[in-house]
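> Got a predicted structure here, sequence first:
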There are 2 protein chains.
Amino acid sequence: MQPTARQPEDPVIAIDWGTSSLRAALMSPDGAVIGKIATPDGIMFAGERSFEAIFRELFGPWLAQHPRAQVLASGMIGSRQGWVEAPYVACPAGFRDLADALTLIDVPCMTRIGLIPGLSIEHAGVPDVIRGEETQVFGALTSLGVDEGIFVLPGTHSKWVTVEGGRIIGFRTFLTGEMFDVLRRYSILGRLMTEAEPAAKDGPSAAFDLGYDLSRQGHLLHHLFSVRSRGLFGSTAPADLPDYMSGLLIGEEIREATALIDRGGRPSVYLLGRGDLAGLYRRALAHHGIEATVLDDGMTFAGLFALARMRNSRTEV
Amino acid sequence: MQPTARQPEDPVIAIDWGTSSLRAALMSPDGAVIGKIATPDGIMFAGERSFEAIFRELFGPWLAQHPRAQVLASGMIGSRQGWVEAPYVACPAGFRDLADALTLIDVPCMTRIGLIPGLSIEHAGVPDVIRGEETQVFGALTSLGVDEGIFVLPGTHSKWVTVEGGRIIGFRTFLTGEMFDVLRRYSILGRLMTEAEPAAKDGPSAAFDLGYDLSRQGHLLHHLFSVRSRGLFGSTAPADLPDYMSGLLIGEEIREATALIDRGGRPSVYLLGRGDLAGLYRRALAHHGIEATVLDDGMTFAGLFALARMRNSRTEV
């Protein structure tokens, strides 16, 4: 009864194709990663090259060896600035909704790629979107074997994703990472900062905590100016100002998110992030009384593999 | 009994020397403006030239004619990045405190300049500063003949200044203008914006009000992302997105300021700003139930003139 030409024993090529980088895994039919690619070929760095040309160059060797591999991609490659726009699926949405809404790209004489759609939601008429993080969250659900929780994905645009019954029932985006970046690089707040190592005595934690504590009061536009005034008066060392600002911004994000998101009967909070940043979020969440479980941020491949297996049973990708 | 060499009949050279521009007025002994200078010689554009060289070039002709003129300057020329740092005076502070704390610069064989100090304050250990706005506020007090009120000075760093009994008793800074600028120029929020004229139908006011209304809920880091999502879904036209973001940010400033500042028995709110920006603030303040009196933002000259007259009676500047 299965109309598919694919078989469960086919390998999977899972591609996490984002704004500034591309990471991919060749996965054996049992889900083991048997090959990896990591390049700076994010969609903003394609330059004169077409996405098809980049794809052929990077994945030609794997597909020559495994011509029947299932190819799935998530991330900004499916955005309006990407290869083909994969329309958003409205929340709430489960794994099945994603698998049923892939946008297909034919790469002539080579393969067919399934692009994972992003998700959209409206809060009182105000739209919000995610693209790529939905796959990470589903990967985490698969890896953990759980079907509910709050998933926090720090980054340029931090996402807080609520899962219930194995479905994403809501999410909120926060501009935290990009705000930090533009203020540090382009605003007057960055002028007094130095690249020097933070003073060993205070260390980044003390400055971060100082900013975090102040963030509890709210008033972000006002308190951000204290990054400059503390620098002017020397009450925070120049090398510690980035951590102070980070505490202000991450603290504000947690303040907003915990006010906006009903944790209800979902006490488990999972943090999908890398190294230092995950450490700062875990620290700030702990100050807020939330003990988060830190997960590896490489959940995209697990999510894509699970979607591939779901598609496998009935479709042509 | 007056040890001064100056006389009340000496003219005054009032200089508003800021980050990106320099404006100056030659004022007759009765306070009338009899000459004006406006140049882009702000402190960040001095380049290879010394501040003394710029001063000599710009003010040589006036001082040749009026060698006994009193010269006073306010603004970022007295900051650490300026000519000489004029230390901050702690708040509360009145006119007399400023006049007594001028930092003097000798310009050999030409004149002596009095730099107006900035003001500093601490709120629960968090420092805040103003430099230049204190002179505008004192100029407004002089021009209006009042001795109390809340003075709102929109700009790169918006200031809300509280005056009681003719003294500045407190102030708060908000990063509003700079935040708008860096987000528009450097963040993903600016990508969908266009320079095109806003659609005649909706116009800037509708988009501004939409952003303002949303700002009432708080949650700035979250709501800023809606600048992008509204653009993606076309619910706000690209040309109207800057006004939408402006409504979000100015609304947040007013929300924070009205929560932080005790208006108490000072019902009068004065808005010192220019053109469009003053219009947007007046509109947002009115939404908030505050009827502000809009004043010309050229109050610096009046403030410097009043300070000159105060100095005149007993000092050497």
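Received the coordinates, thanks. Residues are numbered from 1 along each chain as shown, chains lettered A, B, ... in the order given.
> C-alpha from now on. contacts and neighbour counts both.
Fine.
> In chain A, which residue is most central in space?
Centroid-nearest residue in chain A, with C-alpha atoms, centre = their mean: residue A:133, separated by 4.4 Å.
> Pull up the distance across stretch A:166-180, start to finish.
33 Å (C-alpha to C-alpha, to the nearest Å).
> Report the distance from it to the chain centre.
The chain centroid and the centroid of stretch A:166-180 are separated by 9 Å under C-alpha atoms, centre = their mean, to the nearest Å.
> Is it positioned near chain B?
Yes. Looking at stretch A:166-180 against chain B by C-alpha under 8 Å from any C-alpha of the partner chain, the contacts come from A:172-176, A:178-179.
> Looking at these, spot the one nearest chain B.
Using C-alpha to the nearest C-alpha, residue A:174 comes nearest to chain B of these, at 4.3 Å.
> any low-confidence regions in the stretch 101-250 of chain A?
Confidence mapping of the stretch 101-250 of chain A against pLDDT under 70 gives the ranges A:195-204.
> follow-up on the earlier one: can I get the residues of stretch A:166-180 next to chain B in TSV with neighbour count and secondary structure?
Below are the residues of stretch A:166-180 next to chain B laid out as TSV (neighbours: other C-alpha atoms under 10 Å in any protein chain shown; DSSP: H, G, I helix; E, B strand; the rest coil):
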residue	neighbour count	secondary structure
A:172	25	strand
A:173	24	strand
A:174	29	strand
A:175	25	coil
A:176	25	helix
A:178	19	helix
A:179	22	helix
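> Buried residues in stretch A:144-157, which are they?
Residues of stretch A:144-157 classed as buried: A:148-155, A:157 (neighbour count, 16 or more other C-alpha atoms under 10 Å in any protein chain shown).
> Next, the distance between the ends of that stretch.
24 Å.
> and for it, what are the contacting residues?
Stretch A:144-157 is contacted from outside by A:133, A:137, A:141, A:158-167, A:173-179, A:263, A:266-273, A:277-278, A:281, using C-alpha atoms under 8 Å, 6 or more residues apart in numbering or on different chains.
> With stretch A:289-308 instead?
A:12, A:14-16, A:24-25, A:27, A:31, A:70-74, A:95, A:98-99, A:132, A:135-140, A:142-143, A:268-274, A:278, A:282, A:285-286, A:317.
> Filter those down to just the ones in helices.
When these are checked against helices (DSSP state H), the matches are A:95, A:98-99, A:135-140, A:142-143, A:278, A:282, A:285-286.
> mind listing what residue A:184 touches?
The contact partners of residue A:184, by C-alpha under 8 Å, 6+ apart, come to A:190-191, A:242.
> Just the buried ones from those residues?
Here, 16+ other C-alpha under 10 Å leaves A:190, A:242 buried among the contacts of residue A:184.
> From the contacts of residue A:184, pick the one nearest residue B:50.
residue A:191 (21.2 Å; C-alpha to C-alpha).
> From residue B:175, how far out is the closest one?
In terms of C-alpha to C-alpha, residue A:191 sits 15 Å off from residue B:175.
> what sits against residue A:74?
A:15-18, A:115-117, A:131-132, A:135, A:304.
> I should have written residue A:66 there, sorry.
Contact partners of residue A:66, counting by C-alpha under 8 Å, 6+ apart, are residue A:11.
> Count the residues that sit near the residue nearest to residue A:51 when sequence neighbours are not counted.
Excluding the flanking residues, the one nearest residue A:51 by C-alpha to C-alpha, 6 or more residues apart in numbering or on different chains is residue A:83, at 6.1 Å. For residue A:83, the count of nearby residues is 16 (other C-alpha atoms under 10 Å in any protein chain shown).
> How about the residues of the stretch 151-300 of chain A by chain B?
Residues of the stretch 151-300 of chain A lying near chain B (C-alpha under 8 Å from any C-alpha): A:172-176, A:178-179, A:182-183, A:186-187, A:219, A:221-226, A:229-230, A:233, A:252-253, A:256.
> what's the spacing between the closest residue to residue A:101 other than its chain neighbours and chain B?
Of all residues not flanking residue A:101 in the chain, residue A:117 sits nearest, at 6.6 Å (C-alpha to C-alpha, 6+ apart). Distance check for residue A:117 against chain B: by C-alpha to the nearest C-alpha, to the nearest Å, it reads 15 Å.
> wait, doesn't residue A:117 sit right on residue A:104?
No. Contact criterion C-alpha atoms under 8 Å: residue A:117 and residue A:104 do not qualify, at 10.6 Å.
> Neighbour count: these two, which is higher?
Legend: neighbour count by other C-alpha under 10 Å for residue A:117 and residue A:104, higher for residue A:117 (30 against 16).
> For the residue of chain A positioned farthest from its centre, which non-adjacent residue is spatially closest?
Most distant from the centre of chain A: residue A:233, at 37.6 Å, with distances by C-alpha atoms, centre = their mean. In this structure, residue A:233 finds its nearest non-sequential neighbour in residue B:127, 7.9 Å apart by C-alpha to C-alpha, 6+ apart.
> which residues are contacting the helix or strand that neighbour falls within?
Remark: residue B:127 resides in strand B:126-130, with elements defined by DSSP states H and E. Residues outside strand B:126-130 that contact it (C-alpha under 8 Å, 6+ apart) are A:225-226, A:229-230, A:233, B:88, B:118-122, B:159, B:171-173.
> Let me know the closest of those residues to residue B:56.
Nearest member of the contacts of strand B:126-130 to residue B:56, counting by C-alpha to C-alpha, is residue B:118, at 24.1 Å.
> neighbours around the closest one, how many?
Neighbours around residue B:118, by other C-alpha under 10 Å: 27.
> gap between it and residue B:155?
Distance from residue B:118 to residue B:155, by C-alpha to C-alpha: 17 Å.
> Could you check how far the residue nearest to residue A:51 is from residue A:104?
11 Å.
> cool, residue A:75 as well?
14 Å.
> now residue A:221
From residue A:221 to residue A:104 the distance is 44 Å (C-alpha to C-alpha).
> How about the contacts made by the residue nearest to residue A:24 when sequence neighbours are not counted?
Closest residue to residue A:24 apart from its sequence neighbours, by C-alpha to C-alpha, 6+ apart: residue A:15 at 4.3 Å. Applying C-alpha under 8 Å, 6+ apart to residue A:15 gives the contacts A:22-25, A:71-74, A:301, A:304.
> try it again with 6 Å
With C-alpha atoms under 6 Å, 6 or more residues apart in numbering or on different chains as the criterion, the residues that contact residue A:15 are A:23-24, A:73.
> in chain A, which spans are strands?
Ranges of strands in chain A, per DSSP state E, are A:12-17, A:22-27, A:33-39, A:70-74, A:89-90, A:103-107, A:111-115, A:119-123, A:126-130, A:149-153, A:158-164, A:167-174, A:269-272, A:293-295.
> Reformat these as a markdown table; add distance to residue B:238.
Formatted as a markdown table, the strands of chain A follow (distance: least, C-alpha to C-alpha, whole Å):
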| stretch | distance to residue B:238 |
| --- | --- |
| strand A:12-17 | 27 |
| strand A:22-27 | 29 |
| strand A:33-39 | 33 |
| strand A:70-74 | 27 |
| strand A:89-90 | 23 |
| strand A:103-107 | 27 |
| strand A:111-115 | 27 |
| strand A:119-123 | 19 |
| strand A:126-130 | 15 |
| strand A:149-153 | 28 |
| strand A:158-164 | 24 |
| strand A:167-174 | 20 |
| strand A:269-272 | 33 |
| strand A:293-295 | 38 |
